[in-house]
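A.B. asks: Predicted coordinates and the sequence they were generated for:
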Amino acid sequence: MRVGIIGAGAAGLAAGYDLARAGNAVVIFEAAPFAGGQAATIEVGGGRLELGYHHLFTNDTAMIELMDELGIGGSLRWVPSTVGTYAGGKIYPFVTPMDLLRFSAMPFRDRVNLGLVTLRLQRHRDWKILEGVTAREWLESHASRASYRVWWEPMLRGKFGRFHDQVGMPWLWGKIQTRVKSRKGLFGREMLGYPVHSFDEIFTTLIAQVLKRGGAVRLSCPVKRVVVEDGRAVGVEIESGGVRTTERFDAILSTVPSFEFPKLVDLPEDYRKKLAAVHYLAAVVVILELKSPLTGTYWMNIADRSVPFLGVIEHTNLMPPDLYGGSHVVYLTNYLDRADPMFKMSQTELVDTYLPHLSKFNPKFERSWVKRVHYNAVSAAQPIIGPGYSQRIPSHQTPIDRLWLANTTQIYPEDRGTNYSVRMGREVARMIRAAGDTTAR
Ligand SMILES: Cc1cc2nc3c(=O)[nH]c(=O)nc-3n(C[C@H](O)[C@H](O)[C@H](O)COP(=O)(O)OP(=O)(O)OC[C@H]3O[C@@H](n4cnc5c(N)ncnc54)[C@H](O)[C@@H]3O)c2cc1C
């Protein structure tokens, strides 16, 4: 079979790898001049660094297995994480569960409540029972008021901004499960994984495998339309130098976001409605290369609405600065609506807005510490999956024959992540092969 894949992110490349290995002729089209999608990297101080902070959890088995299979499993480093929360003008470490008892931003009885609610979610096995409610509704009936206000709400806001009250409960359940599984024992430290040569090594290796089997990866090559004849997808239209050409395929897999997909192809209303029902948050990320460390924490949630960003992720508190020419790398992140004025702010405007707040995390911080700034805006960073989603999830097989879809809105009940895009890409590759075998018979 000739298979056309739209998008060279984790899902498209994983699918392309499996399809090429199975003897299919694969062509991957990528709109950007680089591969990797949301986990793409840039050069920093001679090393590679993700444009958006990335790590793996110990239960990210699809990615861990893929790396082993590609012969690059040895690149994965497991490091104890350091997590903190900034609240009421103070940084509270959350490294061991005992730190919870020292979290004086709320009364002792609320800390106990927070611990008990977390434990309850850890022990809960069946996410389907939690499906009918939002995380906020569930927490309002199980968590104390103070623990909701000081802990849970900032955590939800940190991920979903003004949509924090719309996300379904399976998201929160999944988060707690993942974080527990990444701990060594109930009272142990959380371990996070990172490929020491960056996620780029995974994507570069996948591409090499596709090329080795006669496939192609075309960068800076956006697909403009999926060509449909008699209800069957037969090719893609691409544009080069103002000229549109069509390439024909036996099957087409699209990995583009749900709001982009209907621009490529006319879809029946039912399916289009399912796609349109999921709203995506965008992410705006400012990356600072600093002369000195800002904090002693890898991941800091901000539970203080006077700070104009939602998280400080100091990557070089996970990986050593010498990977980046000695620079200390700090991400300042915000999840917001694509219509939010902050999404349209320039790098300079964001830096001017953010930098005055950095002395809250380190009183010695000075602007002169900043060696270089990078900026990244991702329009489809985080789908907001509401309650009861298992009944509304769009199928991978679209209503158009031989046209498939694999994007982050189809990852459920887990939260989106490179691990799940790899798992989904490989699963859809299997479905495409199975459907191809049936048609060939
Ligand atoms: C700020 C941030 C932090 C994150 N942190 C983590 C983390 O710590 N760990 C983790 O595992 N995951 C993390 N993620 C999530 C992870 O990066 C994504 O879930 C994953 O990379 C999605 O892969 P994908 O292939 O499904 O989609 P994408 O990466 O979005 O790939 C889709 C590709 O399609 C291309 N495309 C779109 N339209 C067209 C077109 N018309 N023609 C051709 N190509 C097109 C896009 O350019 C893109 O490359 C993070 C994401 C963000 C934004």
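C.D. replies: Received the coordinates, thanks.
A.B. asks: going forward, measure contacts between C-alpha atoms and count neighbours the same way
C.D. replies: Will do.
A.B. asks: partner strands of the strand of greatest length in the chain, parallel or antiparallel?
C.D. replies: In the chain, with assignment by DSSP state E, the single longest strand is strand 370-384. Under the criterion DSSP bridges, strand 370-384 sits next to strand 279-290 (antiparallel) in its sheet.
A.B. asks: related to what we said a few turns ago, CA-only coordinates of the longest strand of the chain in CSV, if you can.
C.D. replies: Output of strand 370-384 as CSV, limited to C-alpha atoms (Å, rounded to 0.1, in the frame of the first residue of the first chain):
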residue,chain,number,x,y,z
VAL,A,370,19.3,36.5,30.8
LYS,A,371,21.7,35.4,28.0
ARG,A,372,19.1,34.6,25.4
VAL,A,373,15.3,34.3,25.1
HIS,A,374,13.3,31.9,22.9
TYR,A,375,9.6,31.9,22.4
ASN,A,376,7.0,29.3,21.3
ALA,A,377,3.3,29.4,20.8
VAL,A,378,1.4,26.2,20.3
SER,A,379,-2.2,26.5,19.1
ALA,A,380,-3.4,23.0,19.8
ALA,A,381,-1.5,22.4,23.0
GLN,A,382,-4.2,20.9,25.3
PRO,A,383,-7.6,19.6,24.4
ILE,A,384,-10.2,20.2,27.1
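A.B. asks: contact partners of it?
C.D. replies: With contact meaning Cα atoms under 8 Å, 6 or more residues apart in numbering, strand 370-384 is reached by 38, 51-52, 160, 163, 166-167, 257, 278-291, 335, 338, 343, 347, 408-409, 416.
A.B. asks: wait, what's in contact with the closest residue to L101 other than its chain neighbours?
C.D. replies: Of all residues not flanking L101 in the chain, R111 sits nearest, at 6.1 Å (Cα to Cα, 6 or more residues apart in numbering). Neighbouring residues of R111 by Cα under 8 Å, 6+ apart: 100-101, 103, 147.
A.B. asks: one step back: say whether the ligand is contacted by whichever helix or strand comes after the longest strand of the chain.
C.D. replies: Per DSSP states H and E, the first helix or strand lying C-terminal to strand 370-384 is strand 403-405. No. Shown here: strand 403-405 not in contact with the ligand (Cα under 6 Å from any ligand atom), separated by at least 10.2 Å.
A.B. asks: Contacts made by the top helix by length along the chain with the rest, please.
C.D. replies: Identified as the longest helix of the chain according to DSSP state H is helix 418-440. Helix 418-440 is contacted by residues 1, 10-16, 18-19, 39, 56, 60-63, 251, 396, 402, 404, 406-408, 411, 414 when judged by Cα under 8 Å, 6+ apart.
A.B. asks: Just the ones of these in helices?
C.D. replies: Secondary structure from DSSP H places 10-16, 18-19, 61-63 of the contacts of helix 418-440 in helices.
A.B. asks: quick one: which of the contacts of R111 is nearest to V180?
C.D. replies: Comparing the contacts of R111 against V180 with Cα to Cα places L100 closest, at 14.6 Å.
A.B. asks: Quick check: which element contains the closest one?
C.D. replies: Element membership of L100, judged by DSSP H and E, is helix 98-101.
A.B. asks: can you list the residues of the stretch 151-300 of the chain near the ligand?
C.D. replies: By Cα under 6 Å from any ligand atom, the residues of the stretch 151-300 of the chain that approach the ligand are 222-224, 255-256, 283.
A.B. asks: In helices, which of those residues appear?
C.D. replies: Per DSSP H, the subset of these in helices is empty.
A.B. asks: possible to save these as CSV with neighbour count, pLDDT and distance to K273?
C.D. replies: Listed next are these as CSV, based on neighbours: other Cα atoms under 10 Å; pLDDT from 0 to 100; distance: Cα to Cα, whole Å:
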residue, neighbour count, pLDDT, distance to K273
P222, 19, 96, 24
V223, 20, 98, 22
K224, 17, 97, 21
T255, 25, 98, 18
V256, 24, 98, 16
A283, 23, 95, 24
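A.B. asks: hang on, the earlier thing: please determine how far the residue nearest to L101 is located from T297.
C.D. replies: Noted for R111: a distance of 21 Å to T297, by Cα to Cα, to the nearest Å.
A.B. asks: Equivalent analysis for Q209, please.
C.D. replies: Taken as Cα to Cα, the span from Q209 to T297 is 37 Å.
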